[in-house]
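K.L.:
Here's my sequence, what's the structure:
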Amino acid sequence: GERAREAAEARAAALARRIADEKRTDAASWQELADEPVVTLVTTSFFGRADAVPGIGRNPAFADAAFTLAAGAASAPVEVPRGFAVLRLREEKPAHPAELAEVEASVRAAVERDKAVRLARSELERARSRVADGAGLDALAAELGLEVVASAELTRTSTLGDLGSARPVVEAALALAPGQIGGPVDLADGALLFEVTARDAFDVARFQAEREETRTRLRDEAAGRLLASLLAERRAAAGVTYDRALMEQFGLAPGRS
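P.N.:
Numbers count the residues shown, from 1 in each chain. Coordinates of the predicted model:
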């Protein structure tokens with residue numbers, strides 16, 4: 001993991017030097033440097049120093065780099081959740097009180113979303129009170145005109161598809177036994193009532209037995225990522241390209257074995 005991080009940092013530093021040496025100051029010249037999936041070009045919307053940037057979050061180092069740049073200049077590499085970023089200032093707006101036209105749509109959406117969440121929670125709380133009368137989850141869902149969906153096995157790091165993180169549900173479920181109904185749990189656009197169908201406790205003996213296998217797998221995955229990064233760096237430095245017609249002639253085109 002540390003080697004992969006060092007390789008990514010070195011690649012970002014080399015990219016920043018190249019941008020400075022070649023005086024690349026516009027989006028088109030930066031796009032030429034992108035070689036996805038190793039290097040990608042992303043354009044953010046306007047953000048303030050304390051704002052969370054999509055894909056980055058609240059990152060003081062990222063914000064400091066962005067707010068000390070001159071237009072067109074490139075920053076030094078900044079560590080972000082997905083690796084390292086080199087920033088270019090595209091446009092700057094002075095701080096100003098938000099006009100109604102700028103925030104009206106987002107405020108209306110937030111109010112409607114808050115109403116929807118409170119209404120959903122209220123409906124589900126009334127339904128939840130009927131569990132004591134013997135009503136099951138299927139009966140409650142039918143009464144409310146909702147659908148019961150079975151999830152895959154969940155952990156704190158799982159997601160519930162479009163519903164977002166499963167962590168609040170898992171936290172609530174840990175206090176319940178199989179067969180019990182929990183919730184409502186607030187979600188981004190509503191609320192959730194759930195039933196625990198099974199629980200798997202941490203198996204110490206199984207973990208000990210599989211530890212070496214897991215360590216080897218994780219090491220191999222990290223080595224694979226490092227190798228892919230190094231190969232991409234060498235390929236870019238050497239200017240290697242592929243002749244698709246020649247690859248197809250020898251049966252080496254993507255998708256073939």
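K.L.:
what's in contact with stretch 68-78?
P.N.:
Stretch 68-78 is contacted by residues 9, 12-13, 15-16, 19-20, 24-26, 59, 61-62, 65-66, 84-92 when judged by Cβ atoms under 8 Å, 6 or more residues apart in numbering. C-betas here are computed from N, CA, C, even on glycine.
K.L.:
Show the pLDDT at Arg118.
P.N.:
If you check Arg118, the pLDDT there is 76.
K.L.:
Report the buried residues of stretch 54-65.
P.N.:
Neighbour-count burial for stretch 54-65, counted by 16 or more other Cβ atoms under 10 Å, picks out 56, 59, 62-63, 65.
K.L.:
Okay, now it: how far is its last residue from its first?
P.N.:
With Cα to Cα, to the nearest Å as the measure, stretch 54-65 spans 16 Å from end to end.
K.L.:
So for that stretch, mean pLDDT?
P.N.:
The average of the pLDDT scores along stretch 54-65 is 84.
K.L.:
Same question for stretch 179-197.
P.N.:
Rounded mean pLDDT across stretch 179-197 is 76.
K.L.:
Show me which residues of that stretch are buried.
P.N.:
Within stretch 179-197, the residues that count as buried by 16+ other Cβ under 10 Å are 181-185, 187, 190-196.
K.L.:
just how off-centre is it within its chain?
P.N.:
23 Å (Cα atoms, centre = their mean, to the nearest Å).
K.L.:
Can you give me the first-to-last residue distance of it?
P.N.:
Using Cα to Cα, the end-to-end distance of stretch 179-197 comes out at 6 Å.
K.L.:
next one: stretch 63-76
P.N.:
With Cα to Cα applied, stretch 63-76 spans 13 Å between its terminal residues.
K.L.:
Now do the buried residues in that stretch.
P.N.:
By 16+ other Cβ under 10 Å, the buried positions in stretch 63-76 come out as 63, 65-66, 69, 74-75.
K.L.:
My reading is that Leu193 is in a strand; is that accurate?
P.N.:
Yes: counting by DSSP: H, G, I helix; E, B strand; the rest coil, Leu193 falls inside a strand.
K.L.:
Could you single out the nearest of the buried residues of stretch 63-76 to Val170?
P.N.:
Of all the buried residues of stretch 63-76, Val170 sits closest to Ala63, with 32.0 Å by Cβ to Cβ.
K.L.:
which residues sit in contact with the nearest residue to the closest one once chain neighbours are set aside?
P.N.:
Leaving aside its chain neighbours, Ala63 sits nearest to Arg49 (4.8 Å; criterion: Cβ to Cβ, 6 or more residues apart in numbering). Neighbouring residues of Arg49 by Cβ under 8 Å, 6+ apart: 63, 66-67.
K.L.:
which residues in the stretch 1-150 of the chain form helices?
P.N.:
Secondary structure of the stretch 1-150 of the chain (DSSP state H, counting those that start in this stretch): helices at 2-21, 27-31, 60-67, 100-128, 137-144.
K.L.:
now what about the first one, what contacts it?
P.N.:
What it means is helix 2-21. Taking Cβ under 8 Å, 6+ apart as the rule, helix 2-21 contacts 24, 30, 33, 38-39, 74-77, 79, 83-86, 88, 222, 225-226, 229-230, 233.
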